[in-house]
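# sequence first, predicted coordinates after that:
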Amino acid sequence: MDRNNAIIKVSIKGIAVNVILVIFKAIVGLMANSVAVILDAVNNLSDALSSAITIIGTKIAGRAADKKHPYGHGRVEYITASVIAVIVLATGLTSLKESIVKIIHPEQTAYTSVTLIVITSAIAAKLLLGKYFSKKGKELNSSSLLASGADASFDAVISAATLVSAIINLRFGLNLEGWLGAIISIFILKTGIEIIVDALSSIIGVRIEDELSLGIKETLNRHKEVLGSYDLILHSYGPQENIGSVHIEVRDDMTAKELDELSRELFHEVYLKYGVVLTIGVYATNTDDDTATKLKDAVRQIISEYEQVLQMHGFYIDKEKKFVTFDIIIDFSEEDKIGILNEIKGSLKKDYPEYEFNINLDRDFSE
């Protein structure tokens, strides 16, 4: 079974469980005249709708790439998670409104032992469903399932709070429905905000996971011809669609044929292991050159005085043209990056006036 079909199968199970819970909670809520139980039923109905949206989004995301969308449709999954978040937020706002009305105009409730049994069963069902969604969401790398899992787990907490309210009402005659509903509503809204922030971050573009970036670089550096790998950039077009580029450092005496063979081998190895489409660029490093080695060490020493500089790489000297080029990475927290760059250029020009220095200000895309 492929990933998309697995997500759809999980979502269908979620719809079935939520529909059953909606029916039972709605009946119990109307019989007990409990706004908390009725709102809980409405929340389960929104969960069923969320699962239906997940199915639709997964089907669209699974479409093959076409001329208009050459990177595929995988990012639809992030949009799906955003839609689910909007549904959660709408549920929270509706719940808050009804709860405020209940606080201002409280009504008598009529809980029974049957009510308590149904609510307890709902708690167990939502806990199991939440764990199931979360487990499958991690296995399938599905943000929609993870969002549904978080929502389902939180529903169990909501139902537990409803159960506590019902017990207090039966035992002490206190009606905490409205206040409980308001507290529940706030947590629902908080959950919705967290889900939509995560989904939007994925759409905007987030830093590559350290495990993936370090794994790819380790795979590249394992080859004896590769002296280092830098500037790994990945763009996510869906949970299973990463396209990007990387620079590898190699000896400057390698032939075009050798570089071609190496880059093809690296491309296929990374793709088979990580499913990443990687364009491979080259940094040439001076081979068997004492002058280049000494100057590189001297430049590295000067740069080490700037704690804002995280890395120097891609160092190369054209001795005939007296031209030196390399990249530096400055910490994101440094506001005056250009100022630091100019200071370094000034120091190098002062110590080595015979050379022209071209320093590229790189970005800290990954570990």
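Yep, that arrived.
# how far does the strand or helix carrying residue 21 sit from the chain's center?
In the assignment (DSSP states H and E), residue 21 maps to helix 3-32. Between the centre of helix 3-32 and the centre of its chain there are 27 Å (C-alpha atoms, centre = their mean, to the nearest Å).
# any regions of the stretch 101-250 of the chain where pLDDT drops low?
Applying pLDDT under 70 to the stretch 101-250 of the chain flags residues 107-111.
# can you pull out the strands in it?
228-236, 242-251 (DSSP state E, counting those that start in this stretch).
# any idea of the mean pLDDT in the very next helix or strand once past the helix holding residue 21?
Next along the chain after helix 3-32, taking DSSP H and E as the criterion, comes helix 35-61. The predicted model assigns helix 35-61 a mean pLDDT of 78.
# next, the angle helix 3-32 makes with helix 35-61.
With axes from the mean of the first three to the mean of the last three C-alpha atoms, to 10 degrees defining the directions, helix 35-61 sits at 160 degrees from helix 3-32.
# now residue 120: closest residue in space, sequence neighbours ignored.
What sits nearest to residue 120 in space, not counting adjacent residues and going by C-beta to C-beta, 6 or more residues apart in numbering, is residue 163, at 6.3 Å. All C-beta atoms are positioned from the backbone trio N, CA, C, and that covers glycine.
# what number of residues lie near that neighbour?
Neighbourhood size, residue 163 [other C-beta atoms under 10 Å]: 20.
# tell me the contacts of it?
116, 119-120, 123 (C-beta atoms under 8 Å, 6 or more residues apart in numbering).
# tabulate the residues you listed (a markdown table), appending distance to residue 25.
Shown next, in a markdown table, are the contacts of residue 163 (distance: C-beta to C-beta, whole Å):
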| residue | distance to residue 25 |
| --- | --- |
| 116 | 13 |
| 119 | 8 |
| 120 | 12 |
| 123 | 11 |
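# circling back to that earlier point, who are the packing partners of the helix holding residue 21?
Helices and strands touching helix 3-32, as assessed by 3 or more C-beta pairs under 8 Å, 6 or more residues apart in numbering; DSSP states H and E, comprise helix 35-61, helix 113-140, helix 143-172.
# format those helices as a markdown table; extra columns: distance to residue 305.
Formatted as a markdown table, these follow (distance: least, C-beta to C-beta, whole Å):
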| stretch | distance to residue 305 |
| --- | --- |
| helix 35-61 | 49 |
| helix 113-140 | 44 |
| helix 143-172 | 43 |
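# and those: which comes nearest residue 101?
helix 35-61 (8.3 Å; C-beta to C-beta).
# report the angle between the closest one and helix 113-140.
Per the same axes, to 10 degrees, the angle that helix 35-61 makes with helix 113-140 is 20 degrees.
# and helix 35-61, how far out from the chain's middle?
On C-alpha atoms, centre = their mean, the centre of helix 35-61 falls 22 Å from the chain's centre.
# buried sites along that helix?
Within helix 35-61, the residues scored as buried using 16 or more other C-beta atoms under 10 Å are 35-51, 53-55, 57-58, 61.
# ok, and the closest non-adjacent residue to the most centrally placed residue in the chain?
For the chain, the residue nearest the mean C-alpha position is residue 202 (5.2 Å; C-alpha atoms, centre = their mean). Excluding the flanking residues, the one nearest residue 202 by C-beta to C-beta, 6+ apart is residue 78, at 4.5 Å.
# what's near enough to touch the one you found?
Neighbouring residues of residue 78 by C-beta under 8 Å, 6+ apart: 143, 199-200, 202-203, 238.
# farthest pair in those residues?
For the contacts of residue 78, the maximum inter-member distance is 15.5 Å, found between 200 and 238 (C-beta to C-beta).
# of these two, which one has the most company?
Shown here are residue 200 and residue 238; by other C-beta under 10 Å, residue 238 has more neighbours (19 against 14).
# contact partners for that one?
61, 72-78.
# so can I have JSON lines of those showing distance to residue 262 and secondary structure?
Output for the contacts of residue 238, formatted as JSON lines (distance: C-beta to C-beta, whole Å; DSSP: H, G, I helix; E, B strand; the rest coil):
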{"residue": "61", "distance to residue 262": "34", "secondary structure": "helix"}
{"residue": "72", "distance to residue 262": "28", "secondary structure": "coil"}
{"residue": "73", "distance to residue 262": "33", "secondary structure": "coil"}
{"residue": "74", "distance to residue 262": "30", "secondary structure": "coil"}
{"residue": "75", "distance to residue 262": "32", "secondary structure": "coil"}
{"residue": "76", "distance to residue 262": "36", "secondary structure": "helix"}
{"residue": "77", "distance to residue 262": "35", "secondary structure": "helix"}
{"residue": "78", "distance to residue 262": "35", "secondary structure": "helix"}
